[in-house]
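Participant: Please work out how this folds:
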Amino acid sequence: MNSVRYTIFAAVAIALMAPVGAAGEEGGDASATVPAQEAPDPAAATEEAQALLQHGRFAEVLALLRPLAQAPEVKAEIVFLIGLAATELSRHPRLSDRDREALLDEAIAAFRFMLINRPELVRVRLELARAFFLKGEDDLSREQFERVLAGDPPAPVIANVRGFLERIRARRRWTLRGGFALAPDTNIGATSEERIIHIYGLPFRRDAAELSTSGVGLSAWLSGGYEYPWGERRRLRAGADVSRRDYPGSRFDQTFVSVHGGPRWLVGANADVNVLASVQRSWTAGDQLYDALGARIEAARRVSRRVTTTARASYHERSYRTQTHLDGPVGDIILGGSWVATSTVRADAVLGWGRERPELERWRHERQWLRLGVSVALPRGFTVGGSAEIRWADYEGNWFPHTTGGEARKDRTRSLRLSLYNRAFTWQGFSPQLSVVHEVRDTNAQLYDYRRTGGELSFVRVF
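Facilitator: Here you go, the predicted model:
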């Protein structure tokens, strides 16, 4: 870290995050402040700040180093020491909630700016995870701790991190996630571009209105839940998920709402199991499409420091409002895993199987899918990601006139997704992310093949 230097942008950010009044040291007056000093020599100030840290004089460290954060260039050691001192000072028992949060924001800003340019710094990531933990940002804290474990830290650090992860799991109560995105699409309804179809060998030209439609829509999603402690290793969960995709006009609008509830068991230190009842409703083009009632089982287990596995099985009985021939059961089994290869590289895989048994035989089918993805944190704040997915769907029954001789329909769908965002551009911890998705379905059934290219400009929580 000695050779790393940070520009004025980092200094300004840290200065803006600094609280108006900093608390005194442990055991001292929480309302006392140390007057700011004129900027001293950086090398001498760094040495003095390290000595002050060892003696727990955290407010004096901040008073000594904050003036140096105003310089055109700031040494990495100074940024790091500011973050450490702000984190430790935030733990003072007589601090107000406002001052505590301001100090933690200052610490997070310092560590974050270091990781923007040097995402491989495991010690900095560890301190960022700890600051998030003290602030109560458990999802962000857990992600950073998992990346620390992938950085091959010493054994005492591994034990300490595992203790933090256990405390995060045990204290979880409320969860809330959401976002929105602009979503351009070259083929909103996933419609075939075939102009001519053949019935009994005779060609028929499709109406132009039936062909694909492009446009720019808006998608939004929100999910949340609460866990009520029910014994040392049991919880009662309740939550809901809402998503909405809206395009000009109402033909392609989609809304989905799901409510779930049930018990959760903490199994050992690294696994949990959830059994949830589930109620769903879907709308399309402003009209109710179907209701579904069922249940799902979820399980997750941390296999090693780098690998986490998940499993999910669900079963729902769907009831359509008008398309009653589609009424019937829907089931899915999904196996997943994530591998944090290093503190900057993460890979994910999902393998799935599903089955639908509606009343009309031709719509009964089984499907399988496989998705592989990877994300990499790069210097200069960039994070790039990519995933590829392939899906197979095999239908039953007679598909005449869409297939020759009425043979069963078979689909193969391939998609590729690329994403990019920069961790240096944030607002309230969110960064704009640009994603591009290309999808192709090949099938033996006329009018069911398609190609589409879409995109999303969304906002993601990165720190």
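
Participant: quick one: low-confidence ranges for the stretch 51-200 of the chain?
Facilitator: 200 (pLDDT under 70).

Participant: again with the stretch 301-450 of the chain
Facilitator: In the stretch 301-450 of the chain, residues with pLDDT under 70: 429.

Participant: Where do the strands of it begin and end?
Facilitator: Taking DSSP state E, counting those that start in this stretch, the strands of the stretch 301-450 of the chain run over residues 307-320, 328-342, 345-356, 365-377, 382-395, 410-422, 430-443, 450-461.

Participant: right, and those - which one's nearest F252?
Facilitator: Proximity of the strands of the stretch 301-450 of the chain to F252 was assessed by C-beta to C-beta; the nearest stretch is strand 450-461, lying at 12.0 Å. C-beta here means a position set from N, CA and C on the backbone, and glycine is covered the same way.

Participant: any idea how far M114 is from R147?
Facilitator: 14 Å (C-beta to C-beta, to the nearest Å).

Participant: R171 reaches F133, doesn't it?
Facilitator: No. Contact between R171 and F133 fails when scored by C-beta atoms under 8 Å: they sit 9.9 Å apart.

Participant: for L418, which residues make a bridge with it?
Facilitator: Taking DSSP bridges as the rule, L418 bridges to G386, V436.

Participant: tally of neighbours for it?
Facilitator: Counted by other C-beta atoms under 10 Å, the residues lying close to L418 total 14.

Participant: on that earlier part again, make CSV out of the strands of the stretch 301-450 of the chain and add distance to A220.
Facilitator: Output for the strands of the stretch 301-450 of the chain, formatted as CSV (distance: least, C-beta to C-beta, whole Å):
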stretch, distance to A220
strand 307-320, 24
strand 328-342, 24
strand 345-356, 24
strand 365-377, 23
strand 382-395, 21
strand 410-422, 18
strand 430-443, 14
strand 450-461, 10
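
Participant: which stretch among the ones you listed comes nearest L222?
Facilitator: Proximity to L222, assessed across the strands of the stretch 301-450 of the chain by C-beta to C-beta, is greatest for strand 450-461 (13.3 Å).

Participant: so that closest one versus strand 382-395, what angle?
Facilitator: Going by axes from the mean of the first three to the mean of the last three C-alpha atoms, to 10 degrees, strand 450-461 is angled at 140 degrees with respect to strand 382-395.

Participant: Check which helices and strands strand 450-461 sits against.
Facilitator: Judged by 3 or more C-beta pairs under 8 Å, 6 or more residues apart in numbering; DSSP states H and E, strand 450-461 is in contact with strand 174-185, strand 430-443.

Participant: Quick check on the closest residue to R301 other than its chain neighbours: phi, psi?
Facilitator: In space, and not counting its chain neighbours, R301 is closest to A271: 4.0 Å by C-beta to C-beta, 6 or more residues apart in numbering. The phi and psi torsions at A271 (degrees, to the nearest 10) take the values phi -140, psi 160.

Participant: Touching, A271 and T308? I think so.
Facilitator: No. In this structure A271 lies outside contact range of T308 using C-beta under 8 Å: 9.9 Å.

Participant: Check which helices and strands the host helix or strand of L52 sits against.
Facilitator: For L52, the enclosing helix or strand under DSSP states H and E is helix 42-54. Judged by 3+ C-beta pairs under 8 Å, 6+ apart, the packing partners of helix 42-54 are helix 58-65, helix 76-89.

Participant: of all the strands of the stretch 301-450 of the chain, which lies closest to Y247?
Facilitator: Closest of the strands of the stretch 301-450 of the chain to Y247 is strand 450-461, at 11.4 Å (criterion: C-beta to C-beta).

Participant: Pairing partners for the closest one, with directions?
Facilitator: Neighbouring strands of strand 450-461 in its sheet, by DSSP bridges, are strand 174-185 (antiparallel), strand 430-443 (antiparallel).

Participant: What lies in contact with the first one?
Facilitator: Right, the one you point to is strand 174-185. Taking contacts as C-beta atoms under 8 Å, 6 or more residues apart in numbering, the residues outside strand 174-185 that touch it are 139, 214-226, 239, 245, 247, 452-460.

Participant: hmm, 7 Å instead?
Facilitator: Contacts to strand 174-185, defined as C-beta atoms under 7 Å, 6 or more residues apart in numbering, come from residues 214-226, 245, 452, 454-459.

Participant: Give the rounded mean pLDDT of stretch 275-288.
Facilitator: The average of the pLDDT scores along stretch 275-288 is 95.
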